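> coords please:
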Amino acid sequence: MTSKARGRKSIFITGAASGIGRATALLFAGKGWFVGAFDLNDSGLQSLAQEIGHDNCLTARLDVTDKRNFDDAVAAFGAETDGRMDVLFNNAGIGESGYFEDVPYEAALRVVQVNFVGVLNGIYAALPLLKATKNSLCFTTSSSSATYGMPRLAVYSATKHAVKGLTEALSIEFARHGIRAADTLPGLIDTAILRNTPNRSEARSAEDAESMLANAPKRGAFRLIPPDMVAQAVWDAYTSDKLHWYVPPEIAWIDRIKGIAPEFMRARIQKVIGGIVKP
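Alright, predicted model coming up:
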């Protein structure tokens, strides 16, 4: 067997250079998997490859909004795994914060392109490899904002609702191919996106971002948690038929309560968010 994967199970990860994607790459590599790590962050990918070991991974620059680029990335990955892919992890995402009217249309559209169209591109590109692999998993990063539409993250939240709905539909459709579909709905994760997401309604310095994180709740669904907790959910999902992976688990209650009392949850979200960000 001449492929780089040498018969090992394999995972294809977007947004792999930092945060949840990087934590997932490190976890799976540590368990003996071959990792395809893709991102726009070249330096992050280089350091990841050094940490994992170049023989244990394939890294390349990938713009998930570019279908041809995604097709080429999957083809390169398949060439190293003998045409197989055990897990597709569509994880890449960006955010824009601020009141809806303050977020420029072009910026909002970019969120849609990365967070939802990028996921579609990944699934279309990877489907042949997933079909060719027994017990494969199509896994995607959704968000706690897919449980209830989050104020000042309206478009971001909408894309994550779309990802969640897509996952639910494909979990039924793809069963005929022997492919499972699932997603993770993380809460407040200590990653770069929390610090780097532009706030279009007010100027925010790096110090402001750190202050926001410092003021995050210490308990409950919106406590600040490390990205390796989400990586563990990805790992656990591979050996499970569970559909939605809430991280932390308390996030699930938002979905449950909203289903029977959306007005109550609206008031609750307003109260909780008000303690994290300025009105």
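
> Give the rounded mean pLDDT of stretch 233-241.
What stretch 233-241 shows for mean pLDDT is 98.

> Now do the buried residues in that stretch.
Buried residues in stretch 233-241, counted by 16 or more other CB atoms under 10 Å: 233-235, 237-238. Placement of C-beta: from N, CA and C, glycine included.

> Can you read off the pLDDT for Arg204?
With respect to pLDDT, Arg204 has a value of 63.

> can you check Ile11 too?
Looking at Ile11, its pLDDT is 99.

> same question, the one 3 residues further on
Thr14 carries a pLDDT value of 98.

> show me the contacts for it.
21, 38-39, 62, 64, 89-92, 118, 122 (CB atoms under 8 Å, 6 or more residues apart in numbering).

> Let's see which of those end up in strands.
Cross-referencing the contacts of Thr14 against strands under DSSP state E gives 38-39, 89-90.

> the strands in this protein, which residues?
10-14, 34-39, 57-61, 87-90, 137-141, 180-186, 188-189, 224-225, 244-247.

> helices or strands up against the last one?
Contact partners of strand 244-247 among helices and strands, from 3 or more CB pairs under 8 Å, 6 or more residues apart in numbering; DSSP states H and E: strand 180-186, helix 228-238, helix 252-260.

> Next, find the distance separating Thr167 from Trp33.
Relative to Trp33, Thr167 is positioned 22 Å away (CB to CB, to the nearest Å).

> which residues are contacting the longest helix along the chain?
If you go by DSSP state H, the chain has its longest helix at helix 154-173. Applying CB under 8 Å, 6+ apart, the external contacts of helix 154-173 come out as 93, 95-97, 100, 103, 108, 111-112, 115-116, 119-120, 123, 138, 140-143, 145-146, 149-150, 180-183, 185, 243-244.

> So what's the residue count around the residue lying closest to Thr197 once chain neighbours are set aside?
Spatial nearest neighbour of Thr197, excluding adjacent residues (CB to CB, 6 or more residues apart in numbering): Gly95 at 3.8 Å. Neighbour count for Gly95, taken as other CB atoms under 10 Å: 20.

> can you check Pro262 too?
When counting by other CB under 10 Å, one arrives at 11 neighbours for Pro262.

> How much space separates it from Pro128?
Going from Pro262 to Pro128 by CB to CB gives 40 Å.

> low-confidence ranges in this structure?
For the chain, the stretches with pLDDT under 70 are 1, 194, 203-218, 273-279.

> how does it look with 50?
Residue ranges of the chain with pLDDT under 50: 275-279.

> related to what we said a few turns ago, buried residues of the longest helix of the chain, list them for me.
154-164, 166-167, 170-171.

> which ones are touching the nearest residue to Leu88 once chain neighbours are set aside?
Spatial nearest neighbour of Leu88, chain neighbours left out: Ala126 (4.5 Å); criterion: CB to CB, 6+ apart. Neighbouring residues of Ala126 by CB under 8 Å, 6+ apart: 12, 74, 85, 88, 138.

> Check the residues you listed and tell me the two furthest apart.
Val74 and Cys138 (12.7 Å; CB to CB).

> Now Asn121: closest residue in space, sequence neighbours ignored.
Phe70 (4.4 Å).

> Save the contacts of Ala126 as TSV, and put in distance to Ser43 too.
Formatted as TSV, the contacts of Ala126 follow (distance: CB to CB, whole Å):
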residue	distance to Ser43
Phe12	21
Val74	23
Met85	26
Leu88	25
Cys138	29
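
> Make TSV out of those and add distance to Glu202 and neighbour count.
Below are the contacts of Ala126 laid out as TSV (distance: CB to CB, whole Å; neighbours: other CB atoms under 10 Å):
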residue	distance to Glu202	neighbour count
Phe12	38	29
Val74	40	24
Met85	43	25
Leu88	37	30
Cys138	38	26
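
> Is there a neighbour count for Thr191? I'd like the number.
Using other CB under 10 Å, Thr191 has 20 other residues around it.

> Nothing else from me, thank you.
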